[in-house]
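> When you get a sec, could you give me coordinates for this:
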Amino acid sequence: MCDVTMSRLAGLSLILLLAAATTNACTRLSRVVKPWTGGFQGEFSLPVSQGISTWSARLEFEHGVNKLEIWTAQATKENDKTFILKPTTWNGNVGAGQTLKMEFVVHYSDGSATSTNPCLTFFPGQASPGDSSNVPATSPPVDNKPQQPVKPAVPGNNGKIETPGAKYNYDEALYKALLFYEAQRSGKLPADKLIDWRGDSELNDGKDVGRDLTGGWHDAGDHVKFGLPMASSATMLLYGLEFIKDGYEFAGQYGMGLRQVRWALEYFRKCYVDKDRFYAQVADGDADHSWWGRPEDNYQHRPTFTIGGDKPKGGADIMGETAAAMAAGYVVFKDVDAGFANGLLSDAKQLYNLGKKNPGTANSIIPKLHKFYNSDAWEDEMAHAAAWLAYAVGSDSGEYQGYLGDAKNYFKGGEVPWSLSWSEKRPAVAFMLYKLTGGEYKSDIENFLKEWLPGGSLPRTPKGLVWRDKWGSNRYAANAAMLALLAAKNGINTKQYYDFAASQINFMLGDAGRSYVVGFGHNYPQRAHHKAASCPWKPAPCGWNEYNSWSPNPHVLDGALVGGPGELSGNFVDDRSKFEFTEVATDYNAGFTSALAGMKYFAARPAS
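Residues are numbered from 1 along each chain as shown. Down below sits the predicted model:
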């Protein structure tokens, strides 16, 4: 029985480039990327001369197929050797002269077969092979809803707008950036999971404190669930879903965005089931980092770390940022799932009040936290929470002035923050206060971004990345780009800020001469520092041998933004053991994802 899936093996992906075709002739491989006994990796190239709003293809092999893994197409088995391919949720529309990527890998039923000579017949403009009713390029764009249902059903995916003149395919980039969060999921996965090489994991989380703390996101390439960066990642994603919603809709990815951020929001509510305390971390960082393998095979003891309750005072940084995430979640979900949203707002208010009673960071409360995430302040997270709560309740609420006053009091304006990051929220707070006050705090936004613009104090790599630090250099630039796009969309130095953001995001997508986003564009990283992606399919073992291997990761970690250049020279090393270059993380992707929504927005509504 052939197993047709919606995923692919990294390092085993077959890249099918559909560039332009007007005939239905059989096309052979343009090159064999990697053959092996029983299967192969290869590349097709087909010419397409005019814009189309749908397509189909027939892929025929010379041997019977045991398994065909596909991510960028819907595949239906026609017979033992033949598959019908149709567009996925984001790649049905292809502009004239554009390149459509389709990636898959084949394993033959005969394990000794070595043929690498399949035939691909492409049918541009035809929803099914042989369909004579070609769909003209001027037809309305196809509905871009995910093929697998998002629960609950959400609005917003019918506003897709094609932007064939854009420098990069921001629809694809945004979809993949969101898909990365699917790969980071911990806990019991739903039946409609989008990545088939991930399964249920860490189902005993929270049992040591008598609570169900399954769910949430693995932090990075490891399997720890750190409270502050997870909350910050969710909030940064929610900025895009709220303030650049139309960019998500133009890309057809609003439902996908809700799907991914809801996973974290549901976990936060589990962590706050006891209202006098918050479960801020699951798993010990040192222990987790001493082991390499699949999360599905992770049977280490994973202790729970608590703030509040009978612990010493502190933890307002984690409480504040989680309250900000839940308040922002209320805003985004209130018209989608009112019951879920109202629960988020109630918890956000209570957790914020708990934070006010526990000033200080969690560094001295959670053992060894400072080794991994050394938060240097807590007031900025509390300001962030207060600002989002004010925005959530609205100016007509009796609570509004109290939250707004708190946000202003916690906010330390005047200073130029080092960055916008998991630890530093003041640039984001300045934006929220600008929104809440009708224009005040504009200078705080401008003073921060001034340092990132051409002529500012920060250096650039030879190819243009504003370089803040060797750890996650792409992340810092992407976060600054997100803020710039938020400001630009709200009328602050629109053209200047868009140009800056475009220079940074496009650097990451390919302007550097390579892509820094796994699974996207030209010469993307093959060896992301990520346990799950580095492990082969079961029952093959996975351990430090896989960590030390120079082979590409067996699974492509689609959409993951790697750390990037680790030196001001722009040097990058694609080596999973060099994690300053190849580490991936939920916070690396968060601002980047919202920035992609901004890039899509301005591709459809050019800045001026």
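
> the strands in this protein, which residues?
Read by DSSP state E, the chain holds these strands, from start to end of the chain: 3-5, 14-20, 26-27, 31-36, 39-47, 55-60, 65-70, 74-77, 82-86, 100-108, 119-124, 225-226, 277-282, 304-308.

> I'd like to know the average pLDDT value across the third one.
Mean pLDDT, computed over strand 26-27, is 82.

> Sheet-wise, list the partners of that strand with their directions.
The sheet places strand 26-27 alongside strand 119-124 (antiparallel), with pairing taken from DSSP bridges.

> just how off-centre is the partner strand within its chain?
The chain centre lies 32 Å from the centre of strand 119-124; the measure is C-alpha atoms, centre = their mean, to the nearest Å.

> Low-confidence bits of the stretch 451-600 of the chain, can you list those?
Residue ranges of the stretch 451-600 of the chain with pLDDT under 70: none are present.

> Buried residues in stretch 365-373, which are they?
By 16 or more other C-beta atoms under 10 Å, the buried positions in stretch 365-373 come out as I365, I366, L369, F372, Y373. No exception for glycine: its C-beta is placed from N, CA and C like everyone else's.

> do stretch 60-68 as well
Burial within stretch 60-68, assessed by neighbour count using 16+ other C-beta under 10 Å, is assigned to F61, H63, V65, N66, K67, L68.

> how near is N358 to L265?
22 Å (C-beta to C-beta, to the nearest Å).

> er, L465 I mean
When C-beta to C-beta is the yardstick, L465 and L265 sit 32 Å from each other.

> Repeat that for D205.
17 Å.

> just checking, G199 touches E296?
Yes: taking C-beta atoms under 8 Å as the definition, G199 is a contact partner of E296 at 4.6 Å.

> mind listing what's buried in stretch 373-384?
Y373, S375, A377, W378, E379, D380, E381, M382, A383, H384.

> what does that stretch rub up against?
226, 228-229, 235, 314, 316-321, 324, 352, 355-356, 359-363, 406-412, 422-426, 428-429, 432 (C-beta atoms under 8 Å, 6 or more residues apart in numbering).

> And for A362, nearest residue in space, chain neighbours not counted?
For A362, ignoring the flanking residues on the chain, the nearest one in space by C-beta to C-beta, 6 or more residues apart in numbering is G315 at 4.2 Å.

> contacting residues around that neighbour?
F278, A280, I307, G308, G355, N358, G360, T361, A362, I365.

> rewinding a little: show the buried residues in the contacts of stretch 373-384.
So, of these, 226, 228-229, 235, 314, 316-321, 324, 352, 355, 360-363, 406-408, 410-411, 422-426, 428-429, 432 end up buried under the neighbour-count rule (16+ other C-beta under 10 Å).

> ok, now how distant is K470 from K311?
Using C-beta to C-beta, K470 is found at 34 Å from K311.

> same question, G240
If you go by C-beta to C-beta, the gap between G240 and K311 works out to 34 Å.

> Mind checking which of these two has more residues around it?
G240 (30 against 18; other C-beta atoms under 10 Å).

> so who does that one touch?
G247, Y248, G257, M482, T593, S594, A595, A597, G598.

> can you check F500 too?
Contact partners of F500, counting by C-beta under 8 Å, 6+ apart, are L449, W452, L453, P454, A480, A481, A484.

> Helices of the stretch 401-550 of the chain, residue ranges please.
For the stretch 401-550 of the chain, applying DSSP state H, counting those that start in this stretch gives helices covering 426-437, 442-450, 473-489, 494-506, 531-534, 544-548.

> what's the most buried one of those helices?
Ranked by average neighbour count under the criterion mean count of other C-beta atoms under 10 Å, the helices of the stretch 401-550 of the chain are headed by helix 473-489 at a mean of 28.

> Pull that one out as PDB, backbone CA atoms only.
Once non-C-alpha atoms are left out, helix 473-489 reads as follows in PDB (Å, rounded to 0.1, in the frame of the first residue of the first chain):
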ATOM      1  CA  SER A 473      21.800  37.800  14.100                       C
ATOM      2  CA  ASN A 474      18.900  37.200  11.700                       C
ATOM      3  CA  ARG A 475      16.400  37.200  14.600                       C
ATOM      4  CA  TYR A 476      17.300  40.700  15.900                       C
ATOM      5  CA  ALA A 477      17.200  42.200  12.400                       C
ATOM      6  CA  ALA A 478      13.800  40.400  11.700                       C
ATOM      7  CA  ASN A 479      12.300  41.800  14.900                       C
ATOM      8  CA  ALA A 480      13.400  45.300  14.000                       C
ATOM      9  CA  ALA A 481      12.000  44.800  10.600                       C
ATOM     10  CA  MET A 482       8.700  43.700  12.100                       C
ATOM     11  CA  LEU A 483       8.500  46.900  14.200                       C
ATOM     12  CA  ALA A 484       9.400  49.000  11.200                       C
ATOM     13  CA  LEU A 485       6.600  47.400   9.100                       C
ATOM     14  CA  LEU A 486       4.100  48.000  12.000                       C
ATOM     15  CA  ALA A 487       5.200  51.600  12.100                       C
ATOM     16  CA  ALA A 488       5.100  52.000   8.300                       C
ATOM     17  CA  LYS A 489       1.600  50.500   8.100                       C
END
